[in-house]
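> return atomic coordinates for the entry below.
(chains A, B, C and D)
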2 protein chains.
Amino acid sequence: MTVADEATDAGQPRRRSPSMADVAREAGVSGQTVSRVSTGRPNVDEDTRNRVLAAMRKLGYRPNSAARALRSGHFRNLGVIMFTLSSFGNMRTLDSIAVAAAAAGYSITLIPVQHPTQGEVTVAFSRLSEQAVDGVMIIIEAHALDEADIELPPGLPVVVVDSSARYQYPVVDTDQAEGARLATEHLLDLGHHTVWHISGPVHSYSAERRRNSWAETLAAHGRPVPDVIVGDWSSDAGYRAGLELAARPEVTAIFAANDQMALGVLRALHERGRAVPGDVSVVGFDDMEESKSFWPPLTTVHQSFEEVGRHTVSQLIEEIEGAPPSSVSVLVPTELVVRASSGPAPRHPITDA
Amino acid sequence: MTVADEATDAGQPRRRSPSMADVAREAGVSGQTVSRVSTGRPNVDEDTRNRVLAAMRKLGYRPNSAARALRSGHFRNLGVIMFTLSSFGNMRTLDSIAVAAAAAGYSITLIPVQHPTQGEVTVAFSRLSEQAVDGVMIIIEAHALDEADIELPPGLPVVVVDSSARYQYPVVDTDQAEGARLATEHLLDLGHHTVWHISGPVHSYSAERRRNSWAETLAAHGRPVPDVIVGDWSSDAGYRAGLELAARPEVTAIFAANDQMALGVLRALHERGRAVPGDVSVVGFDDMEESKSFWPPLTTVHQSFEEVGRHTVSQLIEEIEGAPPSSVSVLVPTELVVRASSGPAPRHPITDA
DNA sequence: TGGACTCATGTTTACGTGAACATAGCCCGA
DNA sequence: TCGGGCTATGTTCACGTAAACATGAGTCCA
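Here you go, the predicted model:
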């Protein structure tokens, strides 16, 4: 080991990681040849390539991504803007985004937004524009962004997930309307006269679309559309709504806008002694891991967060890598999962007012 | 197409984003002064600073993080290595890591690992070392890493979360042992003769520590230690274990290693007609959002993922910013949350074999 | 009043990489 | 046999930034 690196052995272990130049020297080639090997170019002699690879291994060479990015102008890195304490579903989506991105050779930078205020979001965006990202995914369900003059670096590709369709960007989302329709029709098919709905918060587009679809489905079947109870996705809100509905004997079918609220509804119904599904049927939305273990196991609408994540990444990367900025939106289909929380309407249903 | 530059006309003025030099020209100062303003150095005349800031705004200048990183040698970016489809708790931890990092001016890069095989993990690490990170957090509960010759760039700061303490790196984790002790003693205090345990998977350190602490606590009170039932954190596994335990009349107290398995236990007990907590008391671990809406609301051990995330980030940043590589580990305390799923032992408990 | 300060600002340079261009050896067909 | 084209490799340079050093103007006290 007569190499210069180790020369400073005594005091400071030479910390600087080896550069292309070091490898070039070691392998007896030019830096450019190292670069060619490093980026997998074909026009390098097999012999030379092996010599370079050996030198890389020997020195523990790792390409410097900063220099690479500076030179080439792209980072192989995607930004994800997301609310903190985000919903279960968004987390699943994030997860599949990370996997899909890694598979495509991209990494993921997380930009958390704490509060859905315009200011916070704008800050996140401006922080983002200093970040080394080639594109951005926005997973923010709130209306808050609607009128925002979102200041993104011009030309930065963006894909929006689970949010307003009013953006100028392509949107990937679960087919919320289809899911809500499936849930509602399932209950009607079981003979229920109508279906009560516990909705997600007003600022959420997903909630809005599920709510609209539920109402439209009832109307299409000529059924009365009961007043909506607005929740906030939490099981607590579901519980409160459930208490309210449990007190009304005419309620026989409840469609909660997510599984957590459905869980709260189940608890309220149990507490009030109303049998599920004997007296009241309950259907949720999401099909979270735990739903099949609720008591009783929950009938719900399955949505594929994995698919949403995959589509989002592929759409974004496509745009980054030169495809024309498509404004095509993707709707991922849903599926009704029938379990034990829904059943035929009671023999003598009290038709409502 | 003639020239590839921005000289082009109609549609896309292929605009390179403005650099320091552009701002300097606009403001009539040197690039170095722009740099000083950009990095917030104090020694710039107020007047000049304003002129520069105005020029930045006018041109829409954003510092180029790649160049900055290349020049300064650090990225203000932290890597998180994490399993996909990670547990609810890990997601919460990730969330609070992202927030804490953002507050400290760092961003987060997610490196997902798909399978807990040695190969996959090694790949993730090597991918990481090409990444632009100043430090790494590892959130992997598996033993898999134990004997791994994890090849990390030497000198890269690392903090491990929720995993083996056998690493050479500092560890931040919930005080699993305390939590399991609290749960077990709570049940003993209620008069139960002993406590059955449904454990997490064998490869998990968290599971191991909870299991050990449960057994030690029973032993310390001179109680028999029943055979452990091993689950996999899922509510399904809890359900299966619950069916098994429901069939044994001597079982009056169950401590599940997480809330999801506890949920499955509750379902099994309901199905078998065993009253909770009348016949059987159930305690979980995690205190997830939904646990208070279980039927009945679940007594469980609260752990603060937020605190774990905060400690992890601050420990890592401390080391990055020059503190000596501390090997100090942090244990975040837990708290017992008593709800309705646990109660006094039945009047005539059948003392076990 | 002069010289040793301080402080704002400018000039030069290097960080590691890869595109563009340059060169040298080789093959192949006319 | 020659020249054109091909391949492997080398040389030069710029990407945008910030550290190091340089400069010049003002300040303060002996």
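
> distance of the residue in the stretch 201-350 of chain A positioned nearest to DNA strand C from chain B?
Residue nearest to DNA strand C within the stretch 201-350 of chain A (C-beta to the nearest atom of the strand): A:E321, separated by 13.8 Å. (Each C-beta comes from the backbone N, C-alpha and C, glycine too.) A:E321 sits at a distance of 16 Å from chain B (criterion: C-beta to the nearest C-beta, to the nearest Å).

> tell me the contacts of A:V202?
Taking C-beta atoms under 8 Å, 6 or more residues apart in numbering or on different chains, we find A:V202 in contact with A:208, A:230.

> 7 Å - rerun?
Shown in contact with A:V202 (C-beta atoms under 7 Å, 6 or more residues apart in numbering or on different chains): A:V230.

> with A:H302 instead?
The contact partners of A:H302, taken as C-beta under 7 Å, 6+ apart, are A:287, A:334-335, A:337.

> contact residues of the stretch 1-150 of chain A facing chain B?
A:15, A:17, A:62-63, A:65-67, A:69-70, A:75, A:84-85, A:91, A:95, A:98-99, A:102, A:107-112, A:114, A:129-132 (C-beta under 7 Å from any C-beta of the partner chain).

> please flag which of the residues you listed sit within strands.
Applying DSSP state E to the residues of the stretch 1-150 of chain A next to chain B, the entries found in strands are A:107-112.

> out of the residues you listed, which are buried?
Neighbour counting with 16 or more other C-beta atoms under 10 Å in any protein chain shown marks A:107-112 as buried within those.

> ok, back up a step: the residue of the stretch 201-350 of chain A closest to DNA strand C: how many residues sit nearby?
Per other C-beta atoms under 10 Å in any protein chain shown, the neighbour tally for A:E321 reads 12.

> quick check: mean pLDDT across stretch A:297-316?
Mean pLDDT, stretch A:297-316: 95.

> ends of it, what's the gap?
Terminal residues of stretch A:297-316 are spaced 37 Å apart (C-alpha to C-alpha, to the nearest Å).

> mind picking out the helix or strand in chain A with the poorest mean pLDDT?
Counting by mean pLDDT, DSSP states H and E, chain A has its least confident helix or strand at helix A:118-130, which shows a mean of 66.

> next, A:A345: phi, psi?
phi -60, psi 150 (degrees, to the nearest 10).

> among the buried ones among the ones in strands among the residues of the stretch 1-150 of chain A next to chain B, which one sits closest to DNA strand D?
A:T109 (18.3 Å).

> what's the pLDDT at that closest one?
pLDDT for A:T109: 89.

> ok, now which ones touch the residue in chain A positioned nearest to DNA strand C?
As assessed by C-beta to the nearest atom of the strand, DNA strand C sits closest to A:M20 within chain A, at 2.8 Å. Listed by C-beta under 7 Å, 6+ apart, the contact partners of A:M20 are A:31, A:34-35.

> can we see that at 10 Å?
A:30-35, A:37-38, A:52, A:56, A:61, A:63-64, A:67 (C-beta atoms under 10 Å, 6 or more residues apart in numbering or on different chains).

> now swap in A:A237 and tell me
Contacts of A:A237 by C-beta under 10 Å, 6+ apart are A:198-201, A:229-231, A:256-258, A:260-261, A:264-265, B:293.

> wait, A:L188 sits on A:T194?
Yes: at 7.9 Å, A:L188 counts as touching A:T194 under the criterion of C-beta atoms under 10 Å.

> identify the contacts common to the two.
Listed as contacting both A:L188 and A:T194 by C-beta under 10 Å, 6+ apart are A:218, A:221, A:223, A:253.

> give me the buried entries from the residues you listed.
In those, the ones that pass as buried (16+ other C-beta under 10 Å) are A:218, A:223, A:253.

> closest one to chain B out of those residues, please.
Nearest to chain B among those is A:A253, at 19.6 Å by C-beta to the nearest C-beta.

> wait, that closest one sits on A:E185?
No: A:A253 is beyond contact range of A:E185, at 11.3 Å (criterion: C-beta under 10 Å).

> which residues do those two both contact?
Going by C-beta under 10 Å, 6+ apart, residues that sit against A:A253 and also against A:E185 are A:V195.

> now do the helices in chain A.
Applying DSSP state H to chain A gives helices spanning A:20-27, A:31-38, A:46-59, A:65-72, A:88-103, A:118-130, A:176-189, A:205-220, A:235-246, A:259-271, A:305-320.

> quick check: A:T109 vs B:V113, distance?
According to C-beta to C-beta, to the nearest Å, A:T109 stands 17 Å off from B:V113.

> one more: A:G31?
33 Å.

> more neighbours: the two, which one.
Per other C-beta under 10 Å, whichever of A:G31 and B:V113 has more neighbours is B:V113, with 27 against 14.

> what pLDDT does the model give that one?
For B:V113, the predicted pLDDT is 82.

> is it true that it touches B:G79?
No: B:V113 is not in contact with B:G79 according to C-beta under 10 Å; the separation is 11.9 Å.

> could you find the closest non-adjacent residue to A:R51?
Nearest residue to A:R51, sequence neighbours excluded (C-beta to C-beta, 6 or more residues apart in numbering or on different chains): A:A27, at 4.8 Å.

> the one you found is in contact with A:R36, isn't it?
No: between A:A27 and A:R36 there is no contact under C-beta under 10 Å: 11.9 Å.

> joint contacts of those two?
With C-beta under 10 Å, 6+ apart as the test, A:A27 and A:R36 both reach A:48-49, A:52.

> counting neighbours, which of those residues comes out on top?
Busiest of those [other C-beta under 10 Å] is A:V52, holding 25 neighbours.

> wait, does stretch A:58-67 contact DNA strand C?
Yes: counting by C-beta under 7 Å from any atom of the strand, DNA strand C has neighbours in stretch A:58-67: A:61, A:63-64, A:67.

> tell me which residues in that stretch are buried?
Using 16+ other C-beta under 10 Å as the test for burial, stretch A:58-67 gives A:59, A:61-67.

> hmm, which two among those residues are most spread apart?
Maximum pairwise distance among the buried residues of stretch A:58-67 (C-beta to C-beta): 18.7 Å, between A:L59 and A:A66.

> relative to A:V308, how far out is A:R92?
Relative to A:V308, A:R92 is positioned 9 Å away (criterion: C-beta to C-beta).

> out of the two, which sits in the more crowded spot?
Set A:R92 next to A:V308 and count neighbours by other C-beta under 10 Å: A:V308 wins out with 25 against 22.

> OK, contacts around that one?
Counting by C-beta under 10 Å, 6+ apart, A:V308 makes contact with A:89-90, A:92-93, A:96-97, A:139, A:161-162, A:172-174, A:330-332.
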